[in-house]
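> here is a sequence together with a model predicted from it:
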Amino acid sequence: DAKTTQPNSMESNEEEPVHLPCNHSTISGTDYIHWYRQLPSQGPEYVIHGLTSNVNNRMASLAIAEDRKSSTLILHRATLRDAAVYYCILNAGNMLTFGGGTRLMVKP
Amino acid sequence: EAQVTQNPRYLITVTGKKLTVTCSQNMNHEYMSWYRQDPGLGLRQIYYSMNVEVTDKGDVPEGYKVSRKEKRNFPLILESPSPNQTSLYFCASSLFSGSSYNEQFFGPGTRLTVL
C-alpha cells in the first residue's frame, strides 16, 4: 500500500496561515489524496481531496506537487477550533489507511 | 440532518459477554466500514461493506463479525470480547463503493472497555 509521511506535530499562531506537508513518494496514478482531521473526542472529519490539480473549498486548500509525490494542506487563517490531528491519506477505492497524522496546535 | 450514529457511545463489559455496537446512516450510502483507534496504532479498519449482503475483512478482523442486512445499518458484533478489544470504535460511510474520491462520514465513536 502506498504510504504517507507527515511531521508528528506543528504549531501555529491564531489567525496565521498554516501549511501542513505530506510526502507520498510511492503514490500510484489512480490514488486520490485525501485529508481528514480529528478534533479532540470526535470522529475523523473530511477536509479536502484532490488528484492532480490544486483544490479549494470552504475549509482549506490543497496544493499538489506536479509529480504528485507530495502535497500541502493549507489553512488560510488558523483558529483555535482548527487544533486537531490532520491525516493525509491516499485513497484507492474507499480504502482509507490512516497513518500517525500531524497534531496541529494553535496558539492564541 | 445527514449523519452516522453509533450506539452505545460508552460500554464497559466483561470478557466473554457477547455485545453488539450498532451503526446507522441516513444518507443512503453504499459503503460502510468499522475502524478501531488505539494509542500509538492510529485508526485501523476492521470490516467493510460495499453494499447490502456484501462484507469483507479489513486489516484487523479477528474477534469481530459484521452483517449488512439493510443499507442503512452495519452492526459490529463481538461474540466473545476480550480485554485486547478495549478500544475506541468508529463507524463510517460513503456514497459509492469502490470510489476513490468519495468523502467518508464518521460516527461519533464508541468507547468500549472489556474487563
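Ah, there it is.

> name the nearest residue to the closest residue to chain A within chain B, sequence neighbours excluded.
Chain B approaches chain A most closely through B:Phe106 (3.4 Å), counting by CB to the nearest CB. C-beta here means a position set from N, CA and C on the backbone, and glycine is covered the same way. Of all residues not flanking B:Phe106 in the chain, A:Gly43 sits nearest, at 3.4 Å (CB to CB, 6 or more residues apart in numbering or on different chains).

> for the nearest residue to B:Lys65 once chain neighbours are set aside, give its distance to B:Gly98.
Excluding the flanking residues, the one nearest B:Lys65 by CB to CB, 6+ apart is B:Ile77, at 4.3 Å. B:Ile77 is 25 Å from B:Gly98, where distance means CB to CB, to the nearest Å.

> mind listing the strands for the chain?
You didn't say which chain, so I picked chain A. Using DSSP state E, the strands of chain A run over residues A:9-13, A:18-23, A:32-38, A:45-50, A:55-56, A:61-64, A:70-75, A:84-91, A:102-107.

> meant chain B, my bad for not saying
Ranges of strands in chain B, per DSSP E, are B:4-7, B:10-13, B:19-25, B:31-38, B:42-51, B:54-57, B:65-66, B:76-78, B:87-94, B:105-106, B:110-114.

> pairing partners for the second one, with directions?
Translated: strand B:10-13. Looking at strand B:10-13 with DSSP bridges, its partner strands are strand B:110-114 (parallel).

> and the strand it pairs with, how far out from the chain's middle?
Put simply, strand B:110-114 sits 13 Å off its chain's centre (CA atoms, centre = their mean, to the nearest Å).

> find the nearest non-adjacent residue to A:Ser53, please.
If the residues on either side of it in the chain are set aside, A:Ser53 comes closest to A:Ile64, at 7.0 Å by CB to CB, 6+ apart.

> so which residues on chain A come close to chain B?
Chain A comes close to chain B at residues A:30-32, A:34, A:36, A:41-46, A:49, A:51, A:91-101, as judged by CB under 8 Å from any CB of the partner chain.

> one more pass at 10 Å, please.
By the rule CB under 10 Å from any CB of the partner chain, the part of chain A lying against chain B is A:1, A:30-34, A:36, A:38, A:41-51, A:85, A:87, A:89-101.

> need the pLDDT of the residue nearest to A:Ser53.
On pLDDT, A:Ile64 comes in at 97.

> now chain A against chain B: closest residue?
Residue nearest to chain B within chain A (CB to the nearest CB): A:Gly43, separated by 3.4 Å.

> now do the contacts for that residue.
A:Gly43 makes contact with A:36, B:4, B:6, B:35, B:37, B:43, B:88-92, B:104-109, according to CB atoms under 10 Å, 6 or more residues apart in numbering or on different chains.

> now with 7 Å?
By CB atoms under 7 Å, 6 or more residues apart in numbering or on different chains, the contact list for A:Gly43 reads B:Phe90, B:Phe106, B:Gly107, B:Pro108, B:Gly109.

> please, a PyMOL command that selects the buried ones among the residues you listed?
Burial among those is assessed by 16 or more other CB atoms under 10 Å in any protein chain shown; the matching PyMOL selection reads:
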select buried, chain B and resi 90+106+107+109
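
> show me where pLDDT drops low in chain A?
Residue ranges of chain A with pLDDT under 70: A:1-2, A:92-94.
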